[in-house]
Structure formats: structure tokens, C-alpha cells
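Chemist: Next comes the sequence, and after it the predicted model I'd like to discuss.
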Amino acid sequence: MGRGMASDVSAIEMMLKTNEKARRSVSEWIVQLARKIHESPEDIVWFFEMRQRMRELEEKAKRISDEELELWEKEIEKELENSEPVEQSLETLIEIGERSFRKFKRIEVKLRELGVV
């Protein structure tokens with residue numbers, strides 16, 4: 001996300017925190033967009049959340065040093081040691097990931113055709 005876009009997003013976030021009419025307008029736009037591409041409004045919001053997370057990870061990957069990466073991996077290992085075990089098989093988790101990826105790509109194509117992304 002470029003600097004201009006980041007500041008635009010921040011300005012919109014501030015407006016949405018304080019302005020009920022703005023929140024309703026954005027919600028209405030999301031619903032209309034979802035109807036246009038035959039997806040659920042929740043999936044449209046999910047798509048943009050995932051897209052933002054992917055951008056953040058890509059930016060972090062460009063800046064992170066090998067030492068920082070090793071520290072991050074150790075932090076993750078500690079978190080995993082203290083977390084609850086996953087009740088699903090690896091195959092099931094892979095299937096869930098594949099479905100999510102296909103859904104992301106499906107929505108991306110539809111939004112690209114509209115010129116939204």
C-alpha cells in the first residue's frame with residue numbers, strides 16, 4: 001500500500017469511528033458490491049482483511065533480517081508450546097486452506113473485472 005493510500009485509509013478509519021452515517025454508507029456499499037458479484041458481504045470484508053494481512057506480511061518479509069526472523073520463529077514456537085492442540089487432521093487443515101485460497105482468488109477476479117482491485 002502506497003503512502004497516499006495508507007493515509008487515505010487512516011482518514012476513512014477515523015471517520016468511520018466517529019460518524020454513524022459514514023458507517024452506514026460504507027456498509028451499504030459493501031452490500032451492493034456483494035450483490036453485484038454474487039458473494040456475501042461478510043466475504044467481501046474477509047477478502048479485504050486477508051488482502052491487507054498479505055500486504056503486511058510481504059512488507060515485513062522485505063524488511064526483516066535473518067536474526068529477526070530467527071527470533072520471530074522462536075516466539076512462534078513458544079506460543080505453539082503453550083497453545084491448545086488442534087483437533088483437526090493436517091489433511092483437513094490443508095483442505096480448509098485450499099478452500100480459503102480459492103475463495104480469495106474467486107472474489108479477487110470478480111472485483112478486478114469491476115475495476116475495484
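Modeler: Happy to help now that I have it.
Chemist: ok, residues contacting the longest helix along the chain?
Modeler: The longest helix of the chain (DSSP state H) is helix 90-114. Contacts to helix 90-114, defined as CB atoms under 8 Å, 6 or more residues apart in numbering, come from residues 33, 36-39, 43-44, 47, 50-51, 86, 88, 117. For every residue, glycine as well, the C-beta is placed using N, CA and C.
Chemist: Distance from the helix or strand of the chain with the lowest mean pLDDT to the middle of the chain?
Modeler: Using mean pLDDT, DSSP states H and E, the weakest-scoring helix or strand in the chain turns out to be helix 3-18, at a mean of 81. In terms of CA atoms, centre = their mean, to the nearest Å, the centre of helix 3-18 is found 17 Å from the chain centre.
Chemist: Against which helices or strands is it packed?
Modeler: Under the contact criterion of 3 or more CB pairs under 8 Å, 6 or more residues apart in numbering; DSSP states H and E, helix 3-18 touches helix 20-37.
Chemist: State the mean pLDDT of the helix it packs on.
Modeler: The pLDDT scores in helix 20-37 average 95.
Chemist: Check which residues of it are buried.
Modeler: In terms of neighbour count (16 or more other CB atoms under 10 Å), helix 20-37 has its buried residues at 30, 33-34, 37.
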